[in-house]
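Q: fold the following.
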Amino acid sequence: MLTLNLVPSSNVTLSKPKRHQYSINALHRPQNQGNSLFPRGLFNNKHESLAISNLSRIYGYPFGFSAKPSSQIHDTSGKISSFDARGEHPSGGGANPRYWVAKAVDFEGESEVSKPNKTLQLGIVFGMWYFQNIVFNIFNKKVLNLFPFPWLLASFQLFVGSVWMFVLWSFKLQQCPKISKPFIVALLGPALFHTIGHISACVSFSKVAVSFTHVIKSSEPVFSVIFSTILGDNTYPLSVWLSILPIVLGCSLAAVTEVSFNPQGLWGALISNVGFVLRNIYSKRSLESFKEVNGLNLYGWISIISLLYLFPVAIFVEGAQWVEGYHRAIQAVGKPTTFYIWVMLSGVFYHLYNQSSYQALDDISPLTFSVGNTMKRVVVIVATVLVFRNPVKPLNALGSAIAIFGTFLYSQATSKKSPKKIEGEKSS
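A: Sure thing, here's the model as predicted:
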């Protein structure tokens, strides 16, 4: 275990037991924490250790390697806000005063090295987040076009995420949290709302164009402000309330001009917003006593419990049609392996894009995340329109643009309201 010895009028030093074993995660460190994770003498050059640490952090994200080693002193002050009602997407980080102690130590020449590395890291993180999200949306829709059974597909995606987390925990690529009965009980409510949000989005994807679903889902801040105010979880200034008006206007215009409009698709996207907002709110309340569980582990266990919720209901709702639907899908696609690959990609990339956002958001400011999340929707909408060649009317495009711009205004208003890190969307 690495220990931090703070002595007045002395620099921060490190010590370690003689038999300490360094895991793969020991190369990862939180941003701006300096070289406090490395024992004295492990690297002789400060620039070399910084570069290696940054490189390992960048390429750890897509595969779930923990950005916080199990042996380090890490943040336990903000984890219960992993699903924040103010934001659209979850994050596992929070402000930690202990980080700022290490941050105050100035290493000569670090600023020259860290700035370009930070820019490169930010580009790779956002690139992976966008890429994984686009791949998921494309193959999710391809599968639903052939096999229109969203309940089974949504269950499979949660199953893949559950297996993925078990693999990370088994090989110690991610530290497994301590599981207790109170912890599982605290997760039951958030996992239920997560299940509602996920299956409703899948139903929407199966009924309408992907672009339309994402336009409607950009209205999540509207539900967040309303439900947070009603439940007494948060209060918002006038600027925030004004910022959601363009979202309502844009979504309404996009809905009435949508070529692929379907009532079930519209209601699925709206219910998905409600589910994720309530998940955000009740996660903060029920997980107050489990601050030591980081965002990625929290998301992993919510996925597991959500699978247990969803699959039995999926069997009841559409189980009798699966066999016949499977044969029709195989006949339509021609090659069974093609269909299997599409299904697998939808499951893997569903988990990966959520996982990447949880891990990556530990390193970026609320404003950077908000802008990035807004642009993510734009990128996904444009990509899916190009791939599926969905017809878009001018008024529909205008409504989508207004809704997205309203989301951006909301992010600006909430970032001014509170300087704390956004830790709540999924952006689902």
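
Q: please make it C-alpha for all contacts and neighbour counts, starting now.
A: OK.

Q: for Ser218, grab phi and psi.
A: phi -70, psi -10 (degrees, to the nearest 10).

Q: my read: it touches Thr407, true?
A: Yes: in this structure, Ser218 is within contact of Thr407 by C-alpha atoms under 8 Å, at 6.6 Å.

Q: low-scoring stretches of this structure, by residue?
A: For the chain, the stretches with pLDDT under 70 are 1-116, 358-370, 416-428.

Q: which SSE is immediately downstream of the helix ranked longest in it?
A: Using DSSP state H to define each element, the chain has its longest helix at helix 110-146. As assigned by DSSP states H and E, the chain's next helix or strand after helix 110-146 is helix 150-170.

Q: hang on, the earlier thing: got any residues that touch both of Ser218 and Thr407?
A: Residues touching both Ser218 and Thr407 by C-alpha atoms under 8 Å, 6 or more residues apart in numbering: Ile247.

Q: strands of this protein, start to end?
A: For the chain, applying DSSP state E gives strands covering 3-5, 13-15.

Q: what about Cys202, distance to Ser239?
A: To Ser239, Cys202 is 33 Å away according to C-alpha to C-alpha, to the nearest Å.

Q: just Asn117 next, same as before
A: Look at Asn117 and Ser239: by C-alpha to C-alpha, they are 36 Å apart.

Q: on that earlier part again, more crowded one of Cys202 and Ser239?
A: Neighbours around Cys202 and Ser239, counted as other C-alpha atoms under 10 Å, are more numerous at Cys202. The numbers are 25 against 15.

Q: just to check, the more buried one is in contact with Pro150?
A: Yes: counting by C-alpha under 8 Å, Pro150 is a contact partner of Cys202 at 5.4 Å.

Q: so what sits against both of those two?
A: Counting by C-alpha under 8 Å, 6+ apart, no residue touches both Cys202 and Pro150.

Q: next one: Leu245 from Pro221, what distance?
A: For Leu245, the distance to Pro221 - C-alpha to C-alpha - is 11 Å.

Q: neighbour count winner among those two?
A: Pro221 (26 against 18).

Q: just confirm that one contacts Leu409, I think it does.
A: No: look at Pro221 against Leu409 with C-alpha under 8 Å: they stay out of range, at 10.6 Å.

Q: okay, and the common contacts of the two?
A: Joint contacts of Pro221 and Leu409 (C-alpha under 8 Å, 6+ apart) are Ile244.

Q: who touches the closest residue to Phe159 other than its chain neighbours in this structure?
A: Sequence neighbours aside, Leu307 is the residue nearest to Phe159 in space, at 6.4 Å (criterion: C-alpha to C-alpha, 6 or more residues apart in numbering). Applying C-alpha under 8 Å, 6+ apart to Leu307 gives the contacts 155, 158-159, 195.

Q: now these in TSV, with neighbour count?
A: Formatted as TSV, the contacts of Leu307 follow (neighbours: other C-alpha atoms under 10 Å):
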residue	neighbour count
Ser155	25
Leu158	27
Phe159	21
Thr195	27
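
Q: okay, the residues you listed in CSV with distance to Ser289 next?
A: Listed next are the contacts of Leu307 as CSV, based on distance: C-alpha to C-alpha, whole Å:
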residue, distance to Ser289
Ser155, 29
Leu158, 26
Phe159, 27
Thr195, 23
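
Q: on that earlier part again, who are the packing partners of the longest helix of the chain?
A: With contacts taken as 3 or more C-alpha pairs under 8 Å, 6 or more residues apart in numbering; DSSP states H and E, helix 110-146 sits against helix 46-60, helix 181-207, helix 322-333, helix 336-360, helix 366-388.

Q: check which residues of it are buried.
A: For helix 110-146, burial by neighbour count (16 or more other C-alpha atoms under 10 Å) applies to 114, 117, 121-122, 124-126, 128-144, 146.

Q: ok and it relative to helix 336-360, angle-wise?
A: 150 degrees (axes from the mean of the first three to the mean of the last three C-alpha atoms, to 10 degrees).

Q: list the contacts of the residue nearest to Tyr350 when sequence neighbours are not counted.
A: Nearest residue to Tyr350, sequence neighbours excluded (C-alpha to C-alpha, 6+ apart): Phe136, at 5.6 Å. Taking C-alpha under 8 Å, 6+ apart, we find Phe136 in contact with 345-347, 349-350.

Q: number of nearby residues for the residue found closest to Ile138 once you drop the neighbours it is linked to in the chain?
A: Distances taken as C-alpha to C-alpha, 6+ apart place Thr384 nearest to Ile138, at 6.5 Å, with adjacent residues excluded. By other C-alpha under 10 Å, the residues close to Thr384 number 19.

Q: pretty sure Thr384 contacts Phe212?
A: No: checked against C-alpha under 8 Å, the pair Thr384 and Phe212 is beyond contact range at 10.2 Å.

Q: ok so, going back, could you report the distance from the residue nearest to Ile138 to Phe349?
A: 15 Å.

Q: and if you look at Asn145?
A: Asn145 is 18 Å from Phe349, by C-alpha to C-alpha.

Q: and Leu245, by the same measure?
A: 33 Å.

Q: over to Ala314?
A: Going from Ala314 to Phe349 by C-alpha to C-alpha gives 21 Å.

Q: have a look at those two and say which one is more surrounded.
A: Phe349 (25 against 18).

Q: for that one, which non-adjacent residue is spatially closest?
A: Distance criterion C-alpha to C-alpha, 6+ apart; nearest residue to Phe349, sequence neighbours excluded, is Phe136 at 5.1 Å.
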